[in-house]
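1. structure for this input, please:
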Amino acid sequence: MLAALKNSRSVLTTALAGLMLVASLSFAEAQKAETTTLTVFAAASLKNALDSAATAYQASTGNKTTISYAGSSALAKQIEHGAPADIFISADLDWMDYVAKAKLIKDGTRSNMLGNRLVLITPKSSSADIKIGKDFALAAALGDGRLAVADVKAVPAGKYAHAALEKLGVWSAVEPKLAQAENVRAALALVAQGEAPFGIVYETDAVAEPKVKIVDFFPDDTHPPIIYPIAVTAASKNPDAALAFISYLKSPEGQAAFTKQGFTILK
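-> All right, here's what the predicted structure looks like:
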């Protein structure tokens with residue numbers, strides 16, 4: 001009888017130990033899930049809106065994101081060279097096509113998320129009044145000053161600007177007066193700081209910077225459509241979490257952060 005009782009206690013002790021081990025492992029897995037942080041590579045023009053969306057996402061889910069902002073060209077090259085990103089958001093289709101052709105994004109995860117508009121800006125204190133149109137007098141308005149733009153050969157905002165100026169017939173006159181920056185936010189800063197009398201950026205950039213104002217909008221037919229595609233990278237170690245974050249960005253709550261900044265939502 002005593003032996004049976006001891007044996008029963010031993011079985012109970014072993015069972016309890018097993019349950020504690022399972023509970024410990026479950027807790028460890030939960031902690032691991034809680035500390036998983038997504039790395040997002042995003043076009044510089046997304047900063048204000050995406051920061052806001054990421055903050056709201058963390059508040060509602062507890063999940064964190066680390067966001068690296070730069071020109072889409074630079075981000076695509078970093079991904080190509082093995083930089084650890086879970087999500088890539090480009091400011092044009094070309095650089096997303098670039099990483100897609102190199103098989104650097106996961107099949108079936110790419111979609112077009114946002115749209116934007118191209119604008120001519122000037123410092124808030126400026127009295128400049130120019131109407132954008134065929135052969136408009138931008139070069140004359142610049143005088144000895146420079147036109148702040150993102151890199152016209154690589155960065156989407158610069159490429160859109162180049163296309164628009166070319167279509168309007170003023171590229172050859174304006175090209176010698178360009179002040180090219182590494183991304184659109186750097187171009188924005190040149191105008192905000194008074195270092196350039198005019199700049200070409202996205203409408204959302206102008207909305208985000210109180211030290212500049214919009215002079216006029218470039219007609220949509222002067223440049224390719226401004227589209228922001230998003231995708232999960234092929235190297236992501238957290239693809240499910242990445243897809244969950246993308247789903248949030250496309251939800252009404254996530255979209256609100258972008259529409260508030262002036263982006264249009266693409267369906």
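
2. can you show me the CA trace of stretch 165-178 as CSV?
-> C-alpha atoms of stretch 165-178 as CSV (Å, rounded to 0.1, in the frame of the first residue of the first chain):
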residue,chain,number,x,y,z
LEU,A,165,9.8,69.1,-66.9
GLU,A,166,10.7,67.3,-70.2
LYS,A,167,7.0,67.0,-71.2
LEU,A,168,6.4,70.6,-70.5
GLY,A,169,9.4,71.7,-72.6
VAL,A,170,11.5,73.3,-69.9
TRP,A,171,13.9,70.6,-69.0
SER,A,172,16.9,71.9,-71.0
ALA,A,173,16.5,75.4,-69.5
VAL,A,174,16.2,74.1,-65.9
GLU,A,175,18.7,71.2,-65.9
PRO,A,176,21.8,73.4,-65.3
LYS,A,177,20.0,74.9,-62.3
LEU,A,178,19.2,71.6,-60.5
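
3. mind listing what's buried along that stretch?
-> Across stretch 165-178, burial judged by 16 or more other CB atoms under 10 Å covers 165, 166, 168, 170, 171, 174, 177, 178. Where you see a C-beta, it was placed from the backbone N, CA and C, and this is true even at glycine.

4. find the nearest non-adjacent residue to residue 135, please.
-> Spatial nearest neighbour of residue 135, excluding adjacent residues (CB to CB, 6 or more residues apart in numbering): residue 169 at 4.7 Å.

5. could you report the distance from that neighbour to residue 180?
-> 21 Å (CB to CB, to the nearest Å).

6. equivalent analysis for residue 124, please.
-> For residue 124, the distance to residue 180 equals 23 Å [CB to CB].

7. and if you look at residue 95?
-> Residue 95 is 17 Å from residue 180, by CB to CB.

8. how about the contacts made by residue 264?
-> Going by CB atoms under 8 Å, 6 or more residues apart in numbering, residue 264 touches 114, 115, 116.

9. who does it bridge with?
-> Taking DSSP bridges as the rule, residue 264 bridges to residue 115.

10. domain-wise, how is the protein divided?
-> Taking automatic domain parsing as the reference, the chain has its domains at 36-115+227-265, 118-222.

11. could those domains go into a markdown table alongside mean pLDDT?
-> Below are the domains of the chain laid out as a markdown table (pLDDT from 0 to 100):
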| stretch | mean pLDDT |
| --- | --- |
| domain 36-115+227-265 | 97 |
| domain 118-222 | 97 |
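
12. look up phi and psi at residue 250.
-> Backbone torsions of residue 250, given as degrees, to the nearest 10, read phi -90, psi 0.

13. that one reaches residue 57, doesn't it?
-> No - at 11.9 Å, residue 250 does not count as touching residue 57 under the criterion of CB atoms under 8 Å.

14. out of these two, which sits in the more crowded spot?
-> Using other CB atoms under 10 Å as the criterion, residue 250 and residue 57 rank with residue 57 on top: 22 against 17.

15. contacts only, for that one.
-> 63, 65, 245, 248, 254.

16. among the residues you listed, who's most crowded?
-> Counting neighbours by other CB under 10 Å, residue 245 comes out on top of the contacts of residue 57 with 24 neighbours.
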